[in-house]
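Asker: Any chance you can model this:
(one chain, ligands or ions: 1)
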Amino acid sequence: MSYKAGRRAVVVGGGIAGLTAAASLLRAGWQVRVLERAIAFSEVGAGLGITANGRRALAAIGAEAVLARDGTPIRPVGTRLMDGSWLIKLSAAGQPGTQMYGMHRQRLHAALVEAACGAELSTGSQVVDVRPGDTGSPAVVSVQTDQGEDQVEADFLVAADGLRSPTRKALWPDRNVVASGYTSWRAVIAAPGAVSSEFAMTWGPNAEFGALPVGHGEIYWYGYAKLSPGTVFDDERQAARKRFAKWHDNTQALIAATAADRLMRHDVWLLDRPLKSYVRGRTVLIGDAAHPMLPTLGQGANSALEDGVTVGRVVSPTVEDIPAALREVDRQRRRRTQGLVKQSAAMARLGAHLGPGWKQRVRNAAFRRIPPAMAERSGGGFLNWQVPDQV
Ligand SMILES: Cc1cc2nc3c(=O)[nH]c(=O)nc-3n(C[C@H](O)[C@H](O)[C@H](O)COP(=O)(O)OP(=O)(O)OC[C@H]3O[C@@H](n4cnc5c(N)ncnc54)[C@H](O)[C@@H]3O)c2cc1C
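Answerer: Sure, this is the predicted structure:
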């Protein structure tokens with residue numbers, strides 16, 4: 001017997017992927033409940049570059065206005081070396097479609113909460129067990145709250161529960177997260193000087209540094225570097241200063257202008273092997289739960305926005321066969337996102353993960369031979385993603 005659909009979708013996780021899925025599903029006509037384990041919907045105090053694909057996803061859920069209201073338009077202008085010299089310098093006109101917006105993550109998150117207005121947003125609700133459902137039975141999650149444990153049924157489940165996804169652990173127990181061997185210091189601070197609308201990342205041996213304005217007179221900087229996972233420093237600011245000590249002046253000035261309580265650092269983790277499917281029965285994984293990637297392409301959150309929008313576009317509340325609709329989500333998203341995982345790793349090999357000495361010299365010599373027009377055309381094809389039609 002086929003399970004009778006009640007048009008109720010449950011989303012596990014209220015991060016960027018989960019809230020975008022909730023907003024997209026609402027627009028498709030679903031009743032939506034979001035289960036978030038934290039006691040409040042919130043994000044870390046860091047920044048992001050929202051690229052053209054992410055902007056289209058935000059437009060699809062009516063949240064694009066946040067970019068102009070709270071963010072800053074930025075033009076990528078190339079890549080520097082740690083002494084400040086240019087490795088790649090793009091032309092002043094730039095390539096159409098590469099413009100992005102610097103955004104504070106918390107402001108983006110607040111806009112997504114607004115876009116998901118109409119969904120039942122349950123905080124303090126930790127999912128502790130998942131039954132994925134199948135054609136004849138609903139998906140069921142066990143939820144722990146301060147009132148005790150409860151069972152929640154759904155026509156389908158969107159697991160947007162992040163890098164250490166409990167859903168992935170339950171349904172794909174043979175996949176594990178592994179340390180990338182890299183870490184990232186990040187901070188949002190009041191801009192110490194004039195804010196530039198140009199973005200250039202800087203590469204050095206086994207490291208990358210970048211800074212972008214995120215609106216409201218603030219600037220976001222990150223320092224990404226090789227480091228054994230689990231390393232603890234007594235003084236993170238001092239450790240960041242030391243790691244980037246020989247880098248150009250702007251790098252030093254930004255770290256020096258950062259108060260200790262504004263600085264955070266996270267090790268970067270990946271999946272040991274890509275998933276062969278993002279779907280099990282009536283459950284689909286999205287965002288970091290499905291495809292954690294290195295931050296070197298700046299596409300983790302942008303692809304999470306794409307995932308969330310796609311779920312609502314492809315799975316209609318009138319569809320008879322939900323597992324089949326979820327397989328269509330998998331078809332549209334797995335190849336795309338696993339491609340981004342590979343591209344971010346390829347970018348890392350050329351840039352932030354490249355070791356010192358001759359490797360730097362060979363790379364630099366090769367890059368300097370690339371004509372600027374060719375550099376502008378290469379590598380940005382992934383930004384062309386388009387929102388799928390509503391089924
Ligand atoms: C150092 C660093 C820099 C980055 N820089 C960029 C960048 O510049 N550009 C970019 O596009 N991306 C970047 N990313 C990637 C981006 O941050 C992630 O890809 C994105 O935040 C993933 O969103 P998500 O919603 O899938 O996961 P998350 O943001 O992790 O959200 C998961 C949510 O699920 C909740 N949850 C977890 N378990 C449960 C449970 N059992 N029950 C209920 N709720 C649960 C969590 O509390 C959380 O709210 C960066 C990542 C890192 C680590």
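
Asker: And the strands in the stretch 201-350 of the chain, which stretches?
Answerer: 207-213, 218-226, 264-271, 279-280, 283-285 (DSSP state E, counting those that start in this stretch).

Asker: can I get the ones you listed in CSV with mean neighbour count, distance to residue 155 and mean pLDDT?
Answerer: For the C-beta atoms, the positions are set from N, CA and C on the backbone; glycine is no exception. Output for those, formatted as CSV (neighbours: other CB atoms under 10 Å; distance: least, CB to CB, whole Å; pLDDT from 0 to 100):
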stretch, mean neighbour count, distance to residue 155, mean pLDDT
strand 207-213, 24, 40, 97
strand 218-226, 22, 39, 97
strand 264-271, 18, 28, 98
strand 279-280, 24, 14, 98
strand 283-285, 30, 11, 98
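
Asker: Looking at the ones you listed, which is nearest to residue 130?
Answerer: strand 283-285 (6.7 Å; CB to CB).

Asker: Strand partners (parallel or antiparallel) of the closest one?
Answerer: strand 156-159 (parallel), strand 279-280 (antiparallel) (DSSP bridges).

Asker: do it and the ligand meet at all?
Answerer: No: contact of strand 283-285 with the ligand (CB under 6 Å from any ligand atom) is absent, the minimum separation being 9.3 Å.

Asker: List of residues touching that strand?
Answerer: 130, 132-133, 139, 156-160, 165, 167-168, 171, 275, 278-279, 311, 326, 329-330 (CB atoms under 8 Å, 6 or more residues apart in numbering).

Asker: Of those residues, which fall within the contact range of the ligand?
Answerer: Among the contacts of strand 283-285, the ones lying near the ligand by CB under 6 Å from any ligand atom are residue 160.

Asker: The contacts of strand 283-285 in helices, which ones?
Answerer: 167, 168, 171, 311, 326, 329, 330 (DSSP state H).

Asker: before we move on, the earlier item: dump the strands of the stretch 201-350 of the chain to a markdown table, plus distance to residue 75.
Answerer: Below are these laid out as a markdown table (distance: least, CB to CB, whole Å):
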| stretch | distance to residue 75 |
| --- | --- |
| strand 207-213 | 11 |
| strand 218-226 | 16 |
| strand 264-271 | 26 |
| strand 279-280 | 38 |
| strand 283-285 | 34 |
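
Asker: Mind checking those for the one nearest to residue 378?
Answerer: Closest among the strands of the stretch 201-350 of the chain, once you apply CB to CB, is strand 207-213, at 18.5 Å.

Asker: helices and strands around that closest one, which ones?
Answerer: Contacts defined by 3 or more CB pairs under 8 Å, 6 or more residues apart in numbering; DSSP states H and E place strand 207-213 against strand 72-81, strand 198-204, strand 218-226, helix 249-256.

Asker: let's go with 7 Å and repeat that
Answerer: On a contact count with 3 or more CB pairs under 7 Å, 6 or more residues apart in numbering; DSSP states H and E, strand 207-213 meets strand 72-81, strand 198-204, strand 218-226.

Asker: Same list, those strands, but as CSV with distance to residue 29 please.
Answerer: Shown next, in CSV, are those (distance: least, CB to CB, whole Å):
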stretch, distance to residue 29
strand 72-81, 34
strand 198-204, 39
strand 218-226, 37
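
Asker: With that, I have no additional questions.
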